[in-house]
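Asker: I'll drop the sequence and a predicted model, then ask my questions.
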Amino acid sequence: MKRALWQFDFYNTKIDFLRWRKLAMGWSVAVLLIAVGSLLIRGMNLGLDFTGGTVIEVQYPHPVAIPEVRETLVKAGYGDAQTQHFGTSRDVLIRIPPREQMNAATLNNQVLTALQGAEGGAGVTLARAEFVGPQVGKELVEQGGLAALGALLGILVYVMFRFEWRLAVGTIAATVHDVLFTVGWFSLFQLEFDLTVLAAVLAVIGYSVNDTVVVLDRIRENFRKRRKGSVLDIMNLSINETLSRTTMTSFVTLLSVIVMYFFGGTVMHGFSVAMIVGIVVGTYSSIYIASASALYLGISREDLLPRAKEMADDQP
Amino acid sequence: MPTPHSLNQYPWWKYLLIGLIMLWGLIFALPNLFGEDPAVQISGARVNITIDAAFQNRVAALLDADKLPHRRLELEADRLLIRFADPEEQLKAADILKDRLGRDYIVALNLASAAPGFLRAMGLNPMYLGLDLRGGVHFMMQVDMDATIKQVEDSYVDEIRVQLRTDKIQYSSVGRAGSGGIQVEFKDAAERDKAAQLLRKNLSNLQSTAAGPLTLKFTLSEREIKEKRDFALQQNITTLRNRVNELGVAEPIIQQQGVDRIVVQLPGVQDTARAKEILGATATLEFRLADEENDWNQAAATGRAPLESRLYKDRNGRPVLLKKRVMLTGDSIVDASSGIDQQNGGPTVFVSLDGKGAKRFEDATKDNIGKRMGVVFIENKTETKRVGDEMKKTTYTVEEVINVATIRDRLGRRFQITGLDSTREARDLALLLRAGALVSPIEIIEERTVGPSAGKENIAQGFRAAAIALLVIAGFMTWRYKNFGMIATAALAANVVLLIAALSMLQATLTLPGIAGIVLTMGMAVDANVLIYERIREELRNGNSPQAAIHAGFDRAFDTILDSNLTTLIAAIMLFGFGTGPIKGFAVTLSIGIVTSMFTAVTGSRALVNLIYGGRKLQTLSV
């Protein structure tokens, strides 16, 4: 067994997964309550893309202390700016909340000039500057929400066509679970949620369904193939049979995302974290949430048997 | 049931097809291997400036005189390209050339494909790098449409006033209503009815309603509002295009987004403060009578204009003397478009004026028929310069005569400017007239700037992540699935080649999130192989022969692979629809990657498996 684990050999496992479905459901509900609670109480640490405002990333030719930079900014009239190191001690990230001013668009140029004019500021270069007007941010929040809903809906319709409705609902339950978990994670740890993270959440929506489909395909296949055994048994069998597949596909994708986290640069950190969380929790939800939900909805063997015509087609 | 020997063999044409597709991929991906040279691109600032071999020699001499190292000069259709070994040489040369060549030429920084000539001749280009990878600035601007409609309503207020006065109809007030529309109040019902009849006839595009016992209200039709909005947007885009030329940007993108927004992307621009100043410049027009009594060249030679005149230059630098009195200003122009003259078939520009302007212009032109008239284009620019420790903002104007024409008739609401040399000249003139006309205010609502070194760092990190991901996945797959793992790795490499080929062919913009999409697709492409191989293992465990197991593995895993890829594709398409800039890049690479991975991971790896194992007697399978 020890060797099997090391080799990812989950072939002849006979784990009674669904025996713990109540526990798993309870755990998921509890975690989701925490996620929703955190979203309601702490909210999201929304990035510039959504809040509007200005972000300026500058590079000093030499290491610089944050208080020094802050002092320069306060003197120049930017007391509301947040300052932090970004990557190295030569890189400084400055955030300025949205302002109701005509010259908001030229703010970053003024800040850069102020920094260059200060003592020890010669040679400061601009690495990145972003300004987002408040109206743009508001729209992105709306459109982002719509895109996420659209993706969920599109997938729901697709899965409905492909599977029986109880399995479709199970799939969507699993996907919503993954999205809430990922977003909740960002809320709980107050990680910055920007456009790339939103892109990752949408990718999680698409990817989370992958594993679920693998399990559901097998459940359907086994219902048709095996005439014996309870619904619970067949589901358990299917989960066990596909265990190496679900874990292996997730693991490979996880590998690529982890590489991105470590080597893709600071800009991609948020994206990678969201994908990592989403993939891990997606694997769990494919095993538990999708099948258990279908079970609670009262799925039976008859629901999955092909209709007469389809059966004829299946014959060689 | 097929016999084991006929299993897992493709007909010859399938191998050929796969081979051809891979060949296509390799050819299209090839230019990316050579990278891009930093280059300086020189083009003429005006139509009549030609870039030819003589000019090439002149630039070569300039470069040699200043001992500026460069790789080579290339003469293209209407531009000269100079390649450099590194960005520092490029920047230095660009600065010096800008200085030496003056305002007649646009000197812009560019990246030029370093692929050999025959590849470029075939139209093959490397992937187009987004601003976050090559450095540059992205602006999103919003046109103030409320102000636009206000301007239109104001011109109708003038128009109505003129109409009522001409017909001697008594009214007590005309003005814009607070809630939009134009409100006219009368003293008695008889005058109101007369006015209603007149205005409904003459201004039939307005919708009129009674807003009170003695009040008429006119509103713009939906169609007209839409037209005016479109016009305002197009006008701003035109103006921005002109300004961007001045900035010296090699491949600027200026395009409409939504109904009231304009996206401006300026690759390679580092000085965003200057970019904003130039883009934010405002322009006006003045129509003035030509000074026919004095010699223009003489005035130019002495530099002194007669008392009542001013000395200007036209676009080709020739002197023009115009009277000081202004006949008409640009804010009276409602529209200007180029076309063909009905009478002589020559190129012409149609100009429309608003009511007030038409009245003024009629008065000014009726006594001057047969005389010449010049149009002056005036741009107000601001420039911020460092003076000691302070940044000083200076405002200056640039004035240029864009047309001199003879007044043939009394000119009113609509008139034409004819006698132009070419349709191109007509188009340029219409463009400038519009640019100097009533301009709807625009505001920058989003800016994203990436410095060139940050862009380079982003590329380096992105590609390093992609390369490491490829190695890690290849290592893992080979360890776990032995020979089949190597086949999956080959398929994965083929997938990356096809993805890069597709991106190069479509010239889709590659962004940093786009590279993340490539890395993610690598992980997901291998998923398909994992599903197939796990199925093969399962079939083997169930006691099937190796050949049958391979066959069943590919066959049965296919539905699952299709399902899982389609769902991800749905999410990617949603993301594309929503996406702005870099995120769109992610959606694009993810979508293309999913499609190409279906081909390589299923068909491609199947072909390799068939080639290696097909038609052979197998006892065991190393999977």
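Answerer: That came in fine, so what should we check first?

Asker: what's the helix or strand for B:I536?
Answerer: Per DSSP states H and E, B:I536 falls inside helix B:512-541.

Asker: by contact count, what packs against the next helix-or-strand element following that helix?
Answerer: The helix or strand immediately downstream of helix B:512-541 is helix B:546-578, counting by DSSP H and E. The helices and strands touching helix B:546-578, judged by 3 or more Cβ pairs under 8 Å, 6 or more residues apart in numbering or on different chains; DSSP states H and E, are helix A:134-162, helix A:195-225, helix B:512-541, helix B:581-598, helix B:605-613. C-beta here means a position set from N, CA and C on the backbone, and glycine is covered the same way.

Asker: buried ones in helix B:546-578?
Answerer: B:546-554, B:556-558, B:560-561, B:563-576, B:578 (16 or more other Cβ atoms under 10 Å in any protein chain shown).

Asker: please apply the same query to stretch A:43-50.
Answerer: A:M44, A:L46, A:G47, A:L48, A:D49, A:F50.

Asker: kindly report the same for stretch B:495-514.
Answerer: By 16+ other Cβ under 10 Å, the buried positions in stretch B:495-514 come out as B:495-505, B:508-514.

Asker: and if you look at stretch B:347-362?
Answerer: Neighbour-count burial for stretch B:347-362, counted by 16+ other Cβ under 10 Å, picks out B:347-361.

Asker: related to what we said a few turns ago, go through the helices and strands packed on helix B:546-578 and name the closest to B:T166.
Answerer: helix A:134-162 (44.0 Å; Cβ to Cβ).

Asker: any idea of the angle the helix or strand that that closest one is followed by forms with helix B:546-578?
Answerer: Sequence order places helix A:165-188 as the next helix or strand after helix A:134-162, per DSSP H and E. Per axes from the mean of the first three to the mean of the last three Cα atoms, to 10 degrees, the angle that helix A:165-188 makes with helix B:546-578 is 60 degrees.

Asker: follow-up on the earlier one: which one of the buried residues of stretch B:347-362 sits closest to chain A?
Answerer: Nearest to chain A among those is B:D354, at 28.4 Å by Cβ to the nearest Cβ.

Asker: can you give me the pLDDT of the closest one?
Answerer: On the pLDDT scale, B:D354 is placed at 80.

Asker: need the contact list for whichever residue of the stretch 101-250 of chain A sits closest to chain B.
Answerer: Closest to chain B within the stretch 101-250 of chain A is A:G206: 3.1 Å, counting by Cβ to the nearest Cβ. Contact analysis of A:G206 by Cβ atoms under 8 Å, 6 or more residues apart in numbering or on different chains lists A:A151, A:I155, B:T567, B:T568, B:L569, B:I570, B:A571, B:A572.

Asker: nearest residue to the third one other than its sequence neighbours?
Answerer: Distances taken as Cβ to Cβ, 6 or more residues apart in numbering or on different chains place A:V209 nearest to B:T567, at 4.0 Å, with adjacent residues excluded.

Asker: for that neighbour, give its distance to B:N529.
Answerer: As judged by Cβ to Cβ, to the nearest Å, A:V209 and B:N529 stand 19 Å apart.

Asker: quick one, which of those two is more surrounded?
Answerer: More crowded of A:V209 and B:N529, by other Cβ atoms under 10 Å in any protein chain shown: A:V209, with 32 against 27.

Asker: packing partners of the helix or strand A:H269 falls within?
Answerer: In this assignment (DSSP H and E), A:H269 forms part of helix A:269-287. Helix A:269-287 makes packing contacts with helix A:165-188, helix A:195-225, helix A:231-263, helix B:512-541 when contacts are defined by 3+ Cβ pairs under 8 Å, 6+ apart.

Asker: now the helix holding B:I536: mean pLDDT?
Answerer: For helix B:512-541, mean pLDDT is 92.

Asker: quick one, that helix and helix A:269-287 angle?
Answerer: Between helix B:512-541 and helix A:269-287, the angle comes out at 30 degrees (the same axes, to 10 degrees).

Asker: tilt between helix B:512-541 and helix A:231-263?
Answerer: Here helix B:512-541 points in a direction 140 degrees away from that of helix A:231-263 (the same axes, to 10 degrees).

Asker: in helix B:512-541, what counts as buried?
Answerer: Residues B:512-540 are the ones in helix B:512-541 that count as buried (16+ other Cβ under 10 Å).

Asker: show me what that helix is packed against.
Answerer: Secondary-structure packing of helix B:512-541 (3+ Cβ pairs under 8 Å, 6+ apart): helix A:195-225, helix A:231-263, helix A:269-287, helix B:452-506, helix B:546-578, helix B:581-598.

Asker: kindly recompute the last result at 6 Å.
Answerer: Here helix B:512-541 is seen to pack against helix A:231-263, helix B:452-506, helix B:546-578, helix B:581-598 when contacts are counted using 3 or more Cβ pairs under 6 Å, 6 or more residues apart in numbering or on different chains; DSSP states H and E.

Asker: chain center to the helix holding A:H269: distance?
Answerer: 6 Å (Cα atoms, centre = their mean, to the nearest Å).

Asker: please apply the same query to stretch B:223-237.
Answerer: Taking Cα atoms, centre = their mean, one finds stretch B:223-237 lying 18 Å from the centre of the chain it belongs to.

Asker: check stretch A:288-303 too.
Answerer: Averaging C-alpha positions (Cα atoms, centre = their mean) puts stretch A:288-303 26 Å from its chain's average.

Asker: can you list the neighbours in contact with that stretch?
Answerer: By Cβ atoms under 6 Å, 6 or more residues apart in numbering or on different chains, the residues outside stretch A:288-303 that reach it are A:21, A:24, A:164, A:166-167, A:170-171, A:173-174, A:177, A:212, A:223, A:235.

Asker: any idea of the pLDDT on A:Q7?
Answerer: 58.

Asker: same deal with the one 5 residues further on?
Answerer: Reading off the confidence values, A:N12 has pLDDT 72.

Asker: count the neighbours of it for me.
Answerer: Using other Cβ under 10 Å, A:N12 is surrounded by 9 other residues.

Asker: distance of it from chain B?
Answerer: From A:N12 across to chain B, the span is 8 Å (Cβ to the nearest Cβ, to the nearest Å).

Asker: quick one: the most centrally placed residue in chain B and chain A, what's the gap?
Answerer: Centre of chain B computed as the mean C-alpha position; nearest residue by Cα atoms, centre = their mean is B:I253, 2.5 Å away. Separation of B:I253 from chain A (Cβ to the nearest Cβ): 18 Å.

Asker: repeat for B:S504
Answerer: Between B:S504 and chain A the computed distance is 22 Å (Cβ to the nearest Cβ).

Asker: just the pLDDT at that residue, thanks.
Answerer: 94.

Asker: wait, it sits on B:F28?
Answerer: Yes - with contact defined as Cβ atoms under 6 Å, B:S504 reaches B:F28; the gap is 5.2 Å.
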